[in-house]
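J.: just the structure for this:
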Amino acid sequence: MRRPLALLLVTSLIALGCAKRPVLYPNEHYQAVGEPAAEKDIEECMELASNAKLDTNQTAEAAKRTGTGAAIGTATGAATGALRGDAGIGALTGLVSGAIVGLFSWMLGSSEPAPVFAAYVDRCLAERGYESIGWK
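T.: Numbering: from 1, shown residues only. Down below sits the predicted model:
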């Protein structure tokens, strides 16, 4: 049981690490402060946007995909289990696997920040003297 949990955690961290970040134009301010300071400012602006709860639609999307995956998995598992003589175990297996697939489909496709989140971060960076040229 520990191995699948460890795999889930590692995959989650990798997926979260793939989140998009602003790309800064190397203007005069960027060149004056350097990359380490610019990265620190990006982190601070993203933290401010996160604390302002501007990425809430991502949470709703994660819940929706996880729930949908669980529902589809339960139905599929129950049908498969019924054919094998144990619909209850099939439904339970389908529920868990469907929820995991739904969650991972969200995580792997959720690297796009909410538009208002990106706009907040871009403005925060602009107020600090940076020019965001997009997200990557």
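J.: quick one, helices of this structure?
T.: Under the criterion DSSP state H, the chain contains helices at 2-17, 28-33, 35-51, 56-84, 87-109, 115-127.
J.: and the residue lying farthest from the centre of the chain, how far from residue 94?
T.: The centre of the chain is farthest from one residue, residue 85, which by CA atoms, centre = their mean lies 38.1 Å away. Separation of residue 85 from residue 94 (CB to CB, to the nearest Å) stands at 15 Å. Quick note: C-beta positions are derived from backbone N, CA and C, even for glycine.
J.: before we move on, what about residue 126?
T.: Distance from residue 126 to residue 94, by CB to CB: 48 Å.
J.: settle it for me: which of the two has more neighbours?
T.: Using other CB atoms under 10 Å, the more surrounded residue of residue 126 and residue 94 is residue 94, with 24 against 12.
J.: got a list of what that one touches?
T.: Contact analysis of residue 94 by CB atoms under 8 Å, 6 or more residues apart in numbering lists 72-78, 80-81.
J.: how does it look with 6 Å?
T.: 73-74, 76-77 (CB atoms under 6 Å, 6 or more residues apart in numbering).
J.: how about it, nearest residue that isn't a chain neighbour?
T.: residue 77 (1.9 Å; CB to CB, 6 or more residues apart in numbering).
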